[in-house]
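Asks: Need a 3D model of the following:
(chains A and B)
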Amino acid sequence: DAGVIQSPRHEVTEMGQEVTLRCKPISGHNSLFWYRQTMMRGLELLIYFNNNVPIDDSGMPEDRFSAKMPNASFSTLKIQPSEPRDSAVYFCASSSQRGVTDTQYFGPGTRLTVL
Amino acid sequence: AQRVTQPEKLLSVFKGAPVELKCNYSYSGSPELFWYVQYSRQRLQLLLRHISRESIKGFTADLNKGETSFHLKKPFAQEEDSAMYYCALMETGTYKYIFGTGTRLKVLA
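Replies: Coordinates of the predicted model:
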């Protein structure tokens, strides 16, 4: 199993451009999480899905951010328009939630730089 | 509000010295607590969970409900322990994770 897959691994874009980050969770996992990692704020939960349905998007910073999960094997996080302060590493994680303490499995992350 | 606090951004210790990474939490219910670790150029991964009461790579963590703490400890640090460590709380029922801001551990030779 390749684990959680994220693409692209690195993205450099200019302010104002649209950015789309992609995630493929581990097959069989029914929960998916998007996080943002910065030096100042550490790891912040942006949004999470359970059975493809968004459960909590309270961490999404602004309307410029949106996330979708059209099916159990794919999710996107979109930033439109992007700003320099969005520069961070974005992680996707999935879990099976078949037990009380299910582990979250993280992808390698997408390093986003907005110039 | 639910919160996880890691007061130290950076902790440097010498090889062979004891290490303690602090974690305090604020949660109204019965918490499920974890430590995740991110080694250089690797994915964030689970290190240990309090419910298992296990020792992984020599690390242990004890849940102290009175002090609302879940500090990570190791009696003798090794250079390969250098990494970023995150304490996390899982909300029971929602499975939502709340992470601390992380502590970077540097073990010096």
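
Asks: The residue lying closest to A:Gln37 once chain neighbours are set aside - how many residues pack around it?
Replies: Once flanking residues are discounted, A:Gln37 sits nearest to A:Val89: 4.5 Å by Cβ to Cβ, 6 or more residues apart in numbering or on different chains. Quick note: C-beta positions are derived from backbone N, CA and C, even for glycine. A count of neighbours around A:Val89, defined by other Cβ atoms under 10 Å in any protein chain shown, yields 16.

Asks: Within its sheet, name the partner strands of the strand or helix carrying A:Val89 and how each one runs.
Replies: For A:Val89, the host element (DSSP states H and E) is strand A:88-95. Strand A:88-95 pairs in its sheet with strand A:31-38 (antiparallel), strand A:105-106 (antiparallel), strand A:110-114 (antiparallel), by DSSP bridges.

Asks: Show me what secondary structure element comes after the lowest-mean-pLDDT helix or strand in chain B.
Replies: Ranking every helix and strand in chain B by mean pLDDT, DSSP states H and E puts strand B:97-99 at the bottom, with a mean of 89. Sequence order places strand B:103-108 as the next helix or strand after strand B:97-99, per DSSP H and E.

Asks: Please name the strands paired to that following strand in the sheet, noting orientation.
Replies: Strand B:103-108 is paired, per DSSP bridges, with strand B:10-14 (parallel), strand B:83-90 (antiparallel).

Asks: Mean neighbour count, distance to B:Lys57 and mean pLDDT added to those strands, as CSV?
Replies: Shown next, in CSV, are the strands paired with strand B:103-108 (neighbours: other Cβ atoms under 10 Å in any protein chain shown; distance: least, Cβ to Cβ, whole Å; pLDDT from 0 to 100):
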stretch, mean neighbour count, distance to B:Lys57, mean pLDDT
strand B:10-14, 14, 15, 97
strand B:83-90, 23, 10, 94
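
Asks: Output these as TSV; include the columns distance to A:Asn50.
Replies: What follows is the strands paired with strand B:103-108, written out as TSV (distance: least, Cβ to Cβ, whole Å):
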stretch	distance to A:Asn50
strand B:10-14	35
strand B:83-90	14
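
Asks: Just list the residues touching whichever residue of chain B sits closest to chain A, thanks.
Replies: Minimum separation of chain B from chain A (Cβ to the nearest Cβ) falls at B:Thr101, amounting to 3.2 Å. Neighbour list for B:Thr101: A:41-43, B:5-6, B:9 [criterion: Cβ atoms under 8 Å, 6 or more residues apart in numbering or on different chains].
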